[in-house]
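Student: Next comes the sequence, and after it the predicted model I'd like to discuss.
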Amino acid sequence: MKIDVLTIFPEYFDSIFEFGIIRRAKLAGIVEINLHDIREYATDKHRMVDDRPFGGGDGMVLKPEPIFAAIENLVGTSERDAYSEGTRVVLLTPQGRPLKQTVATELSETKHLVLICGRYEGVDERVNDALVTDEISIGDYVLSGGEPAAAVLVDAVVRLLPGALGSDTSAENDSFSDGLLDCPHYTRPAEFRGMTVPEVLLNGNHAEIEKWRREKALEKTKAVRKDLLQGENGESG
Ligand code: 6GU
């Protein structure tokens, strides 16, 4: 998979993809991640990437021209209908559809992801209208820009790529893969400062351990995320 990230703050990503599973996936050739400074696509003499909103109001809005030029360069066209199959242009904004495990899975099955990091104040809507295939938010809170959201999306997607997790781990056992939160985990020592590990985990009865883990996952999900059990917007993602 190839991932291109369009941002006005490329340095934000300097080390964020250099750790753990993402780093390993890059080194193994499973994913290629490229950063692009939107400013490099600005052609006016001041290299302007944003401007004041028509109609007035606070803040600045990202201009369309540099983003269209960047997409033409990276995808080959600024006609959404002419994108190759397997190309997705994702705009990260709080107005997007919520990122869920199901969305990450869907995106992990594509070949080329272009992530456009929005600014909190906004992105000219013509970017959305003409270029964007998916507008995505990572949750109901405000970030100053889409950069942290892009980092989150890349992590959630890359770990699902075939071969990204070591052979000894699997995304199938993750939280959310079955629509539930994860069960509790313990490691040695079996007793720490008077706190003990549940007996069932020590007795080697794998059927019993599986049953306990499912019960605990369900209990936790009921306690903190009832919405996940109720379908609708608590869809299994
Ligand atoms: Cl994708 N961008 C911004 N600016 N804020 C957010 C977000 C994205 N997702 C949640 N809040």
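Tutor: Structure's in. What do you need?
Student: burial measure for the nearest residue to I8 once chain neighbours are set aside, as a count.
Tutor: Closest residue to I8 apart from its sequence neighbours, by Cβ to Cβ, 6 or more residues apart in numbering: I38 at 5.1 Å. Backbone N, C-alpha and C define where each C-beta goes, glycine included. As a burial measure, I38 scores 22 neighbours (other Cβ atoms under 10 Å).
Student: I'd assumed L62 was in contact with I38.
Tutor: Yes. Judged on Cβ atoms under 8 Å, I38 makes contact with L62 at a distance of 7.3 Å.
Student: any common contacting residues for the two?
Tutor: I8, V49 (Cβ atoms under 8 Å, 6 or more residues apart in numbering).
Student: What residues sit buried inside the helix or strand where I67 lies?
Tutor: Using DSSP states H and E, I67 sits within helix 64-75. Buried residues in helix 64-75, counted by 16 or more other Cβ atoms under 10 Å: P64, P66, I67, F68, A69, A70, I71, L74, V75.
Student: Over to stretch 213-221?
Tutor: Per 16+ other Cβ under 10 Å, stretch 213-221 contains these buried residues: R213, K216, A217, K220, T221.
Student: Quick one: residues contacting the first one.
Tutor: Applying Cβ under 8 Å, 6+ apart, one finds that R213 lies in contact with C183.
Student: rerun that using 10 Å as the cut-off
Tutor: N173, D182, C183, P184, H185, V200, L201 (Cβ atoms under 10 Å, 6 or more residues apart in numbering).
Student: Repeat that for the fourth one.
Tutor: Neighbouring residues of K220 by Cβ under 10 Å, 6+ apart: S175, L180, L181, D182, C183, P184.
Student: Nearest residue to the first one in space, ignoring adjacent ones along the chain?
Tutor: Using Cβ to Cβ, 6+ apart and skipping residues adjacent in sequence, the residue nearest S175 is D182, 3.9 Å away.
Student: Doesn't that neighbour lie inside a strand?
Tutor: No. If the criterion is DSSP: H, G, I helix; E, B strand; the rest coil, then D182 is coil and not within a strand.
Student: in stretch 131-138, what's buried?
Tutor: L131, V132, D134, E135, I136, S137, I138.
Student: Is the fourth one part of a helix or strand, or is it coil?
Tutor: This points to E135. Looking at E135 with three-state DSSP, the answer is strand.
Student: Kindly tell me how buried G194 is, as a neighbour count.
Tutor: 5.
Student: On the pLDDT front, check S177 for me.
Tutor: At S177, the predicted lDDT confidence score is 71.
Student: Hmm, I67 and D37 touching each other?
Tutor: No. Contact criterion Cβ atoms under 10 Å: D37 and I67 do not qualify, at 11.9 Å.
Student: Pull the contacting residues for the residue of the chain most remote from its centre.
Tutor: Relative to the centre of the chain, and counting by Cα atoms, centre = their mean, the farthest-placed residue is G194 at 39.5 Å. G194 makes contact with no residue under the criterion Cβ under 10 Å, 6+ apart.
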